[in-house]
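[1] need the 3D shape of this:
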Amino acid sequence: MDKEIIKNRAETFEADAMESITIDCVIFGFQEGSLEVLLVKHAEGISKGKWGLPGGWIKKKEGIDAAAYRLLRELTGLDEIFLEQLKAFGDPDRFPLYRVITIGYYALVKRENYRIKAGFTASEVGWFKMKDIPKLIYDHNEILNYSLGHLRNRIRQAPIGFNLLPEKFTLLELMHLYEEILGVEMDKPNFRRKILKMKLLRDLNEKQVGVSHRAAKLYSFDEEIYNRLTKRGFNFEF
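    Numbers count the residues shown, from 1 in each chain. Sure thing, here's the model as predicted:
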């Protein structure tokens, strides 16, 4: 075969195969009975002035996990959290200029343990309740919905929801967390009976302070049982 033809075909293949890779992170938090997600407002580029998930481009010689942690730290100030890889999102038209594949990550964090600060290419950063999520850039609403579906599946199989709660919490706070994630209204007596039957909680013999209503008991999770159930899995249906 003529060398020029081979060269032209190679160049055509290279042009067709060229694609960029980005990272997008879905960070869930829980505050005052509401499930929330961390968003950033972009300060430059075609998404300037619009809200989206924390993320960006992977450097040429950078691993994808390293890129996820770097971008999250630079954009929001969040550091030293556990990120779990979700999947790749690769619709050819998800980015308006050219082909871009993004790798989604997600994490559950206790909001009170972290301070957020906008940086890098973000002009603002903030927590949004799920019911108040605006129209996000590109396919970020789709990525967020996929992450929520993933979280709903996981929370039925392992007690990961405790990663969103403070060290001490009430049964009502725990129930509200599961209602928020699963999108259902639960029967309070049934929830209380089933959760206590699991022996997953430790009664702290303490009650809420500084509340106007009747103070409720405070609980924490039993770390040994928590770790065992996390590894083994269980049915957390209510």
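[2] helices of the chain, residue ranges please.
    Secondary structure of the chain (DSSP state H): helices at 3-17, 64-76, 140-155, 171-182, 188-197, 223-232.
[3] show me the domain layout of the chain.
    The chain breaks down by automatic domain parsing into domains covering 9-154, 168-232.
[4] including mean pLDDT and distance to residue 160, could the ones you listed go into CSV?
    Bear in mind the C-beta positions are built from the backbone N, C-alpha and C, glycine included. CSV is the format used below for the domains of the chain (pLDDT from 0 to 100; distance: least, C-beta to C-beta, whole Å):
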stretch, mean pLDDT, distance to residue 160
domain 9-154, 90, 6
domain 168-232, 85, 7
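[5] tell me which of those domains sits most buried.
    Stretch with highest mean neighbour count among the domains of the chain: domain 9-154 (a mean of 16; mean count of other C-beta atoms under 10 Å).
[6] for residue 34, find the nearest of the helices of the chain.
    Residue 34 lies closest to helix 171-182 among the helices of the chain, at 6.3 Å (C-beta to C-beta).
[7] for the chain, longest strand please?
    Criterion DSSP state E: the longest strand present in the chain is strand 20-31.
[8] and it, what does it pack onto?
    With contacts taken as 3 or more C-beta pairs under 8 Å, 6 or more residues apart in numbering; DSSP states H and E, strand 20-31 sits against strand 34-42, strand 55-57, helix 64-76, strand 100-108, helix 140-155.
[9] circling back: got the domains of the chain as CSV, with distance to residue 162 columns?
    CSV is the format used below for the domains of the chain (distance: least, C-beta to C-beta, whole Å):
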stretch, distance to residue 162
domain 9-154, 9
domain 168-232, 5
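[10] identify the residues contacting residue 73.
    Taking C-beta atoms under 8 Å, 6 or more residues apart in numbering, we find residue 73 in contact with residue 79.
[11] name the nearest residue to residue 39, sequence neighbours excluded.
    Spatial nearest neighbour of residue 39, chain neighbours left out: residue 51 (4.9 Å); criterion: C-beta to C-beta, 6 or more residues apart in numbering.
[12] sorry, wrong one. I was asking about residue 191.
    Spatially, and ignoring its direct neighbours in sequence, residue 191 is nearest to residue 175 (4.9 Å; C-beta to C-beta, 6+ apart).
[13] hmm, back to that, residue 192: which of the helices and strands packed on strand 20-31 is closest?
    Of all the helices and strands packed on strand 20-31, helix 140-155 sits nearest to residue 192, with 17.8 Å by C-beta to C-beta.
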